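1. Quick one: sequence and predicted model below, then my questions.
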Amino acid sequence: LENGAVCRFQLGEYAAALADHREALAIREKALGAVHPHVAASQFGIGDVLRQQGDLEGAEAAFTRALTISEAQGASHPMVAVALLKQAEVWRARGELGRALVALERAAEIRGARELPGISGAAIDFRLGQVLWERGERGRGGTLITGATPTLLADDPTASDPDTRAIQAWLAEHAAELGS
């Protein structure tokens, strides 16, 4: 069910993806309990769809629930970094750059020098770079963005994921300023 939801999301079939994620969530909560990591994963999927549809309040609620569940696994659990990254994307979209910066710096701290399952260090660096860039910290932001870009684009060479397409659009819009 979750795999189908992810495929539908990548195809832009957001209503179907959301329905599948919600059905998977209900099954997981019944089978595993409300604070299981798989429940958090379903919340990530729901939040991703809602964010893509422009429902930032709904997305934030889903990501906040996922963060609460993830933190129950430990403050430095990899899923905490995923939840923080996703929350930061919502806050950035709403122009709440200070909140986004705090979340991304915490996600980067959790990641440290290691790669985490379920999240690319390049994704954290790129989003942190964007927030810094938009706050006027172009030097540090640009360095993070240009360092993360090759890995991000190599991870999804066909740009099947809407996030990859958004990254490509941002890069195209800022190419002259980044010197690329």
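-> It's in.

2. residue ranges with poor pLDDT in the protein?
-> The model of the chain has pLDDT under 70 over residues 113-119, 180.

3. That one: helices as residue ranges?
-> Under the criterion DSSP state H, helices of the chain are mapped to 2-10, 14-32, 37-52, 56-71, 78-93, 97-111, 121-134, 138-155, 162-173, 175-178.

4. Now mean neighbour count too, for the ones you listed, in JSON lines please.
-> (Each C-beta comes from the backbone N, C-alpha and C, glycine too.) Shown next, in JSON lines, are these (neighbours: other CB atoms under 10 Å):
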{"stretch": "helix 2-10", "mean neighbour count": "17"}
{"stretch": "helix 14-32", "mean neighbour count": "17"}
{"stretch": "helix 37-52", "mean neighbour count": "23"}
{"stretch": "helix 56-71", "mean neighbour count": "20"}
{"stretch": "helix 78-93", "mean neighbour count": "24"}
{"stretch": "helix 97-111", "mean neighbour count": "20"}
{"stretch": "helix 121-134", "mean neighbour count": "23"}
{"stretch": "helix 138-155", "mean neighbour count": "16"}
{"stretch": "helix 162-173", "mean neighbour count": "15"}
{"stretch": "helix 175-178", "mean neighbour count": "11"}
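
5. Pull the contacting residues for Ala41.
-> Shown in contact with Ala41 (CB atoms under 8 Å, 6 or more residues apart in numbering): 2, 66, 79.

6. could I get the residues you listed as CSV with distance to Ala34?
-> Shown next, in CSV, are the contacts of Ala41 (distance: CB to CB, whole Å):
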residue, distance to Ala34
Glu2, 17
Ala66, 12
Met79, 15
